[in-house]
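Participant: Have a look at this fold, sequence not included:
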Ligand code: ADP
C-alpha cells in the first residue's frame with residue numbers, strides 16, 4: 001500500500017510517499033515559494049538501503065494545484081519516480097493543524113469534516129486555510145483516493161478539563177472556545193508509541209513526559225499512553241522558550257507594552273511570536289550557533305541557554321507531579337535529538353527525583369532511538385527521533401482500513 005502524506009503551508013507543500021508494507025518513505029520532497037517567480041522543488045528518492053537520487057528544480061509554480069501536479073509528474077517520472085501511475089496511491093494523508101474540540105482522532109475527509117475545519121479557522125488563522133487548500137487540490141488530482149485528516153490537536157483532546165480550562169469567565173470557553181488545545185500532537189503521539197515499543201511497556205500503562213524541542217517547542221505529560229497536559233495552549237505561544245517565541249510570560253505584559261512603549265496589537269504579536277525566545281536574547285535562533293557562541297564565552301548566549309533549559313526543567317517537575325508516577329522522559333525533534341548540552345542542562349541535579357543522565361551515553365552522536373539514562377536512574381531518559389509524516393501515514397492507513 002502506498003500513501004502520500006501532504007503538509008500544505010501558505011506557499012509550500014511538503015510531501016512524502018510511503019510504502020506502508022515497509023513502513024517507510026520512498027520519496028521526500030518540498031515545494032517552496034509557490035506563487036513566486038522562482039519556486040523551488042526538492043525531490044529525493046530513498047531506496048531500501050537508504051540511498052537515492054535528488055532533483056532540485058527552480059521554476060515558476062503559480063499555485064498549489066500546479067505544485068501538486070508537478071509532484072505527481074516527478075513521482076511517476078522514469079528517472080526520479082518510484083511509481084508508474086498515480087492510481088497506485090491508495091490514500092492521501094493531510095496534516096491539519098487545528099481540529100478544535102470536534103476531532104479526537106484522525107478522520108476520512110468529507111464535506112462535514114471540511115466545514116468543521118473551516119469553522120476552526122479563527123483558532124488557527126495562519127494554518128487551517130492552507131491545509132484546506134491542500135485538501136481541495138488533492139481531491140481534484142486524486143479523485144478516487146480517500147483523503148484523511150490528521151490533526152495536530154487531536155492527541156491532546158484527552159486532556160482533562162482541570163488542565164485545559166483557563167481561569168477566565170466561563171462563557172469565553174462556552175461561546176468562544178477559549179481553552180488549551182495544545183499542538184505538536186502528531187509528534188508527541190509518535191514518540192509515545194515508539195518509546196513504549198522501545199521499553200517493551202504496554203502503552204496503556206505507560207506514563208512519560210515527551211519533550212519536543214524544534215524551532216517550536218512543547219512538552220506533554222502522557223498518562224496511560226494518553227495526553228494528560230501539554231505546554232502549548234490556545235495558541236502555540238504558551239509554554240516553553242522557543243526559537244523566536246517567548247513561551248510563558250506574565251499575561252499582563254501586553255498592557256505594559258501598550259501603555260509604556262505605545263505598541264499596538266500587531267507589534268505585540270510580532271514581538272512575542274517572532275522576536276522573542278532564543279532570538280530575543282542573541283539575535284539568532286539556530287541552536288547550534290547559540291551553543292557555539294556560549295562555548296566561546298558569549299554571555300547573552302549563555303543566558304539564553306540557561307533560561308531555555310530552566311523552563312524545561314520547571315515543566316518536568318510540574319508534569320511529574322501531575323502524573324504522580326513516571327516511567328520515562330523522552331527528548332525529540334532537532335534540538336532534543338541532537339543537543340547533548342540541552343539534554344544535560346534540563347536533567348541536571350534531578351537525581352533526587354530519580355532522573356539521572358549517563359553523560360557518556362548522552363554525548364554519543366547517534367541517530368537511532370536510545371536510552372541515555374544512568375543505570376541507577378529510576379526514570380528512563382530516552383532520545384526518540386520524531387517522524388510526524390510517518391505517524392500521518394500510519395494514521396491514514398489505520399483510518400482507511402477501518403472504513404473498508
Ligand atoms: P522544526 O520545528 O522547524 O521542524 P527542527 O525539529 O528541525 O525544527 O529543529 C530545528 C532546531 O534544531 C534548530 O534550532 C537547530 O539549530 C537545532 N539543531 C539541529 N541540530 C543540532 C545540533 N547538533 N545541536 C544543537 N541543535 C541542533
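Facilitator: Yes, it's here. Since the model is a prediction, treat every value here as computed from it, not as a measurement.

Participant: Spell out which residues of the stretch 101-250 of the chain are next to the ligand.
Facilitator: Residues of the stretch 101-250 of the chain that fall close to the ligand, judged by CB under 6 Å from any ligand atom: 214-216, 243. C-betas here are computed from N, CA, C, even on glycine.

Participant: next one: the stretch 301-404 of the chain
Facilitator: Within the stretch 301-404 of the chain, the positions lying close to the ligand (CB under 6 Å from any ligand atom) are 333-335, 338-339.

Participant: Out of the residues you listed, who's the most crowded?
Facilitator: residue 335 (25 neighbours; other CB atoms under 10 Å).

Participant: what residues are up against it?
Facilitator: For residue 335, the contacting residues are 213-214, 217, 287, 342, by CB atoms under 8 Å, 6 or more residues apart in numbering.

Participant: Contacts only, for the residue in the chain that the ligand sits nearest to.
Facilitator: The ligand sits closest to residue 334 of the chain, with a gap of 2.0 Å, by CB to the nearest ligand atom. Residue 334 sits next to 213-215, 287 when contact means CB under 8 Å, 6+ apart.

Participant: Now, the residues you listed that are in strands?
Facilitator: Counting by DSSP state E, the contacts of residue 334 place residue 213 in strands.

Participant: quick one: the strands in the stretch 51-200 of the chain?
Facilitator: Assigned by DSSP state E, counting those that start in this stretch, the stretch 51-200 of the chain shows strands spanning 54-59, 89-96, 107-108, 147-151.

Participant: how about those in TSV, adding mean neighbour count?
Facilitator: Shown next, in TSV, are the strands of the stretch 51-200 of the chain (neighbours: other CB atoms under 10 Å):
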stretch	mean neighbour count
strand 54-59	12
strand 89-96	24
strand 107-108	18
strand 147-151	27
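
Participant: In JSON lines, list those strands along with mean pLDDT.
Facilitator: Listed next are the strands of the stretch 51-200 of the chain as JSON lines, based on pLDDT from 0 to 100:
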{"stretch": "strand 54-59", "mean pLDDT": "96"}
{"stretch": "strand 89-96", "mean pLDDT": "97"}
{"stretch": "strand 107-108", "mean pLDDT": "97"}
{"stretch": "strand 147-151", "mean pLDDT": "98"}
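
Participant: Residue 303: which of those strands is closest?
Facilitator: Closest to residue 303 of those, according to CB to CB: strand 89-96, at 34.6 Å.

Participant: which strands and helices sit next to that closest one?
Facilitator: In terms of contacts (3 or more CB pairs under 8 Å, 6 or more residues apart in numbering; DSSP states H and E), strand 89-96 is packed against strand 2-8, helix 128-141, strand 147-151, helix 388-403.

Participant: Please work out which of the ones you listed is packed deepest.
Facilitator: Of all the helices and strands packed on strand 89-96, strand 147-151 has the most neighbours on average by mean count of other CB atoms under 10 Å, namely a mean of 27.

Participant: What is that one packed up against?
Facilitator: With contacts taken as 3+ CB pairs under 8 Å, 6+ apart, strand 147-151 sits against strand 89-96, strand 107-108, helix 128-141, helix 185-199, helix 388-403.

Participant: Nearest to residue 24, out of those?
Facilitator: Minimum separation from residue 24 across those (CB to CB) falls at helix 388-403, 7.7 Å.

Participant: what inclination does that closest one have with respect to strand 147-151?
Facilitator: Going by axes from the mean of the first three to the mean of the last three CA atoms, to 10 degrees, helix 388-403 is angled at 130 degrees with respect to strand 147-151.

Participant: what does helix 388-403 rub up against?
Facilitator: Residues contacting helix 388-403 (CB under 8 Å, 6+ apart): 1, 3, 5, 7, 14, 16, 18, 20, 23-25, 28, 90-95, 105-108, 146, 148, 150, 186-187, 189-190, 193.

Participant: who are the neighbours in contact with the most centrally placed residue in the chain?
Facilitator: When CA atoms, centre = their mean is applied to the chain, the residue found nearest the centroid is residue 184 (3.5 Å). Contact partners of residue 184, counting by CB under 8 Å, 6+ apart, are 152, 212, 216, 218, 220, 232.

Participant: how about a cut-off of 6 Å?
Facilitator: With contact set as CB atoms under 6 Å, 6 or more residues apart in numbering, residue 184 has these partners: 212, 218.

Participant: Same check on residue 76?
Facilitator: Counting by CB under 6 Å, 6+ apart, residue 76 makes contact with residue 83.

Participant: same question, residue 311
Facilitator: Shown in contact with residue 311 (CB under 6 Å, 6+ apart): 240-241.

Participant: same question, residue 25
Facilitator: For residue 25, the contact set (CB under 6 Å, 6+ apart) comprises 16, 18, 46.

Participant: Would you convert those residues into a markdown table that also reports distance to the ligand and secondary structure?
Facilitator: Output for the contacts of residue 25, formatted as a markdown table (distance: CB to the nearest ligand atom, whole Å; DSSP: H, G, I helix; E, B strand; the rest coil):
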| residue | distance to the ligand | secondary structure |
| --- | --- | --- |
| 16 | 14 | strand |
| 18 | 19 | strand |
| 46 | 18 | coil |
